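>>> sequence? don't have it. structure:
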Ligand SMILES: *[C@@H]1O[C@H](CO)[C@@H](O)[C@H](O)[C@H]1NC(C)=O
Ligand SMILES: *[C@@H]1O[C@H](CO)[C@@H](O)[C@H](O)[C@H]1NC(C)=O
Ligand SMILES: *[C@@H]1O[C@H](CO)[C@@H](O)[C@H](O)[C@H]1NC(C)=O
Ligand SMILES: *[C@@H]1O[C@H](CO)[C@@H](O)[C@H](O)[C@H]1NC(C)=O
Ligand SMILES: *[C@@H]1O[C@H](CO)[C@@H](O)[C@H](O)[C@H]1NC(C)=O
Ligand SMILES: *[C@@H]1O[C@H](CO)[C@@H](O)[C@H](O)[C@H]1NC(C)=O
Ligand SMILES: *[C@@H]1O[C@H](CO)[C@@H](O)[C@H](O)[C@H]1NC(C)=O
C-alpha cells in the first residue's frame, strides 16, 4: 500500500519532471492570480478591432507556446500529444482561437433562480464605446448636509453621481461603487460606508463619524455597469472561462485532457464524470481519446488556461486593467468633533458576549481601523498578540479553505512556534493539509485545504481527491473536545458560475447542523470574501461577485445566524484598502484577532 503522503511525493515528482520538460508549465504560485505573475510581460495585445476578432478578456494567460495546435490538430491530440501539458493540443482549440460559447457544447440549464442584479444586466449590450460606460474620474461625491462639521456618532450621507466618459450623468445603476472615510492627518483611522444603488445613476453612501479629527471621504468605482453585465453574461454562457488540465496515466501511456467543474468539455464527445471522486461535487474531464486509457486512469489535474472569448475593443480595454483601485476623483473633507464622548459606544460589551446573530449584520461599518487595530463597533475586543494563544487553550483549531486561509495557518504557526506534525513545507505555496501543536496550551492547529475548484488535486489510493471538503471534515469532527472550525470558500469560485458557490454553501447545512448537535463544544465561523484590487486575471469574475457571495452566505446560512459566527472581512478589507488577493500580515492578524475576540474563552 502506498500512503497518501507517499503518493503525494510521487505525483509531485511526476509533475516536477513535466515542469522540467515544459518550462511554461511551472505554475508555482498558490492561487491563480499569482500563477501568472511571471508572465506579466507577455501580455497579449489586441490585434484587430472588430467585434469577433479580438483577444480574450484577460491579461494573465499562461502563454503556452501552443500555436502549433492551430495547424494539423488531428495529428496532435489523444496519445499523439507532445507529451507534456504545456504544449499539448486538445480536440477543440479554445485557447488559441476565439470561441463563442455555442462551440463549447450545450450546458444543462442552470436551475438556480437568477439574482435580481443579473436579471437587470442580462440585456445590456456589449460595450462598443468606452465613453458610454461610467467614468470614475468624472463622477462626483456630494455631501448631503449643509454643514461640514459633525460629532462622533453622527450619520453622514453622501450621494455619488456617476457620469459617463463624456461627462453625462448616468441614468441607470449597477456600477460597483465603494465609499470609505479616513483620517486626513494624524494617525490612520478608516471605516467603510454602506452604499445603496438608487438605480438612476446616483448612489447613496451612509457613513458614521467614529473618531475625532479631520477626515476625507473617498470613493472608488472598480467595475462599471457594463463590465458587471459582461461578467454575468459570460458566466451564464460559458459557466467557467477556466479549464483544468487533467492527467490520465496507465503504465507508459499518458494523455492530457481538459477538465472542468461543469459537464461540458469542449471537443470531447465522451466525458469522464469524476464527481464521485470530488466527494459528490461536480467534476468532469474529457475522456482520453486513447481507448486504452479509461476514466479510472485519472491521476492529477491542475489549473490550465482561459477560453479565448470574443470581446469588443472597449470591453477589452476595461478588462485588461490589472489594477481595479479606480478612484473617483472628487473627495469630501469634513471635521469631526467630540460629542458627549469621543467614542461612538463607550460602554461596549466584550466580544465574547456578543450574540452570534449580531455578527451577521452586514450594514457597514461594522468596525474601523485605529492605526492597524480593527475596532469592532459592537463590542470590545481584548485580544492582543500576548493573550491570543490563551484563547485557544485545550482547543483544536481547524482552518478550512484556500491560500488566504493558509496565511492564517502560517501566521499562527509563526507566532506560536508550534511543532508541525505534517511534512515540512519545501515551498511557501504549499498545497498539503498541515497540522501543528503547542503542547503547553494543549492547542492544535490544522490548515485543511479546499477541494476542487482549487489549484490542483490528485487521486489518492482511496479513489478520492486528496483534499477533503469542509462537509467531510465537519462530519468527521469528534463529539467531544473544544473545536473551532473556520470555513472559507471564495477566490477559486470566482471563475465559476455563482450557482456553484450557492450549491457549495448549501451543502454545508446538514453537516453544520449535525456537528453542532453532536458536540456542544464545536464553534463554527464563516470567513467572508474580501476586497482586493489587483488581479492578473481579469477573466475571472470580479470582486463584484464577492459582494454577491456575501448575500449568498447570509441567505443560505440563515438558520445558523444564532449559532455560527460570521467574520465580515469584506468590510474590514474595504476600510483597509486591501490591494492584493493575499493581504499583508498586519491585516491577517486583524482577521485572526476578530476570530479570537469572538471565540476566546
Ligand atoms: C436619483 O434619485 C434620487 C432620489 O430620488 C435623486 O435625489 C437623484 O438626484 C437622482 N439622480 C439622478 C441622476 O437623477
Ligand atoms: C485608538 O487606540 C488608542 C490606543 O492605542 C486609544 O487610546 C484611542 O482611544 C483609540 N482611538 C479610537 C478612536 O478608538
Ligand atoms: C455525474 O455523476 C453524478 C453522480 O456521481 C450525478 O449526480 C451527475 O448527474 C452526473 N453528471 C452528469 C452530467 O451526468
Ligand atoms: C484544559 O484541560 C485540562 C484537562 O481537562 C484542565 O485541567 C484545564 O483546566 C483546561 N484548561 C482550560 C483553560 O480550560
Ligand atoms: C486537551 O484539551 C481537550 C479538549 O479539547 C481535553 O479533553 C484534554 O483533556 C486536554 N488535555 C490536557 C492534557 O489538558
Ligand atoms: C514571523 O514573525 C516575525 C516577528 O515575530 C516576523 O518578523 C516575520 O516576518 C514573520 N514571518 C512570517 C512568515 O510571517
Ligand atoms: C515541540 O516539541 C518539543 C519536543 O517534543 C518540545 O520540547 C516543545 O515544547 C514543543 N514546542 C511546542 C511549541 O509545543
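Everything's here; your move. If you're wondering where the values come from, they're calculated on a predicted model, not measured in any experiment. Numbering: from 1, shown residues only. Ligands and ions are numbered 1, 2, ... in the order given.
>>> which parts of the stretch 351-500 of the chain sit against ligand 7?
Residues of the stretch 351-500 of the chain found near ligand 7 (C-beta under 6 Å from any ligand atom) are 417-419, 437-440. The way it works is simple: take the backbone N, C-alpha and C, and place the C-beta from them, glycine included.
>>> Looking at these, which is nearest residue 471?
residue 437 (25.2 Å; C-beta to C-beta).
>>> before we move on, the earlier item: any of the residues of the stretch 351-500 of the chain next to ligand 7 buried? List them.
Buried members of these, scored by 16 or more other C-beta atoms under 10 Å, are 418, 437-438.
>>> Tell me the one among the residues you listed nearest to ligand 4.
residue 438 (12.8 Å; C-beta to the nearest ligand atom).
>>> Would you check that residue 579 makes contact with residue 533?
Yes - the pair residue 579 and residue 533 passes the contact test of C-beta atoms under 8 Å, sitting 5.2 Å apart.
>>> ok, those two, which is more surrounded?
Set residue 579 next to residue 533 and count neighbours by other C-beta atoms under 10 Å: residue 533 wins out with 20 against 16.
>>> Skip the chain neighbours and tell me the closest residue to that one.
Nearest residue to residue 533, sequence neighbours excluded (C-beta to C-beta, 6 or more residues apart in numbering): residue 325, at 3.8 Å.
>>> Report the contact partners of that neighbour.
220, 222, 533-534, 577, 579 (C-beta atoms under 8 Å, 6 or more residues apart in numbering).
>>> one step back: show me the residues of the stretch 351-500 of the chain next to ligand 7 that map onto strands.
Here DSSP state E is the test, and these give 419, 437-438 as lying in strands.
>>> I'd like those as a markdown table, with distance to residue 173 and pLDDT appended.
Converted to a markdown table, those look like this (distance: C-beta to C-beta, whole Å; pLDDT from 0 to 100):
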| residue | distance to residue 173 | pLDDT |
| --- | --- | --- |
| 419 | 54 | 96 |
| 437 | 52 | 98 |
| 438 | 51 | 97 |
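>>> Looking at those residues, which is nearest residue 466?
Using C-beta to C-beta, these come closest to residue 466 at residue 437, 22.1 Å.
>>> Roughly how far does residue 211 sit from residue 355?
Residue 211 sits 26 Å away from residue 355, going by C-beta to C-beta, to the nearest Å.
>>> what about those two, which has more around it?
residue 211 (22 against 12).
>>> The more buried one and residue 370 touch, don't they?
Yes - between residue 211 and residue 370 there is a contact under C-beta under 8 Å: 7.2 Å.
>>> tell me which of the ones in strands among the residues of the stretch 351-500 of the chain next to ligand 7 is nearest to residue 164?
Among these, and counting by C-beta to C-beta, the member closest to residue 164 is residue 438, at 56.8 Å.
>>> Tell me the bridge partners for that closest one.
With DSSP bridges applied, residue 438 shows beta-bridge pairing to residue 443.
>>> out of the contacts of residue 325, what pair is the most spread apart?
220 and 534 (13.1 Å).
>>> Please say which of those two ends up with more neighbours.
With neighbours defined as other C-beta under 10 Å, residue 220 and residue 534 compare such that residue 220 has more, 20 against 14.
>>> and the more buried one, what is it in contact with?
Neighbours of residue 220 in contact, by C-beta under 8 Å, 6+ apart: 136, 177-179, 325-328.
>>> how much space is there between it and residue 335?
Using C-beta to C-beta, residue 220 is found at 23 Å from residue 335.
>>> picking that back up, now go through the contacts of residue 325 and say which are in helices.
If you go by DSSP state H, these have nothing in helices.
>>> For the residues you listed, give me CSV that also has distance to ligand 3 and pLDDT.
Formatted as CSV, those follow (distance: C-beta to the nearest ligand atom, whole Å; pLDDT from 0 to 100):
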residue, distance to ligand 3, pLDDT
220, 41, 98
222, 35, 96
533, 37, 95
534, 36, 92
577, 43, 98
579, 39, 97
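>>> closest to ligand 2 among the residues you listed?
Among the contacts of residue 325, and counting by C-beta to the nearest ligand atom, the member closest to ligand 2 is residue 577, at 18.5 Å.
>>> Any idea how many residues pack against that closest one?
18.
>>> Enumerate the residues of this structure near ligand 2.
Residues of the chain lying near ligand 2 by C-beta under 6 Å from any ligand atom: 211, 370, 375.
>>> Nearest to residue 475 among the residues you listed?
Taking C-beta to C-beta as the measure, residue 475 lies nearest residue 375 of these, at 37.2 Å.
>>> and the helix or strand hosting the closest one, what's its mean pLDDT?
Per DSSP states H and E, residue 375 falls inside strand 373-376. Here strand 373-376 scores 97 as its mean pLDDT.
>>> again with stretch 396-415
98.
>>> With stretch 187-206 instead?
98.
>>> mind listing what residue 225 touches?
121, 124, 133-134, 170, 172-175.
>>> Now pLDDT too, for these, in JSON lines please.
Shown next, in JSON lines, are the contacts of residue 225 (pLDDT from 0 to 100):
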{"residue": "121", "pLDDT": "97"}
{"residue": "124", "pLDDT": "96"}
{"residue": "133", "pLDDT": "98"}
{"residue": "134", "pLDDT": "98"}
{"residue": "170", "pLDDT": "98"}
{"residue": "172", "pLDDT": "98"}
{"residue": "173", "pLDDT": "98"}
{"residue": "174", "pLDDT": "98"}
{"residue": "175", "pLDDT": "98"}
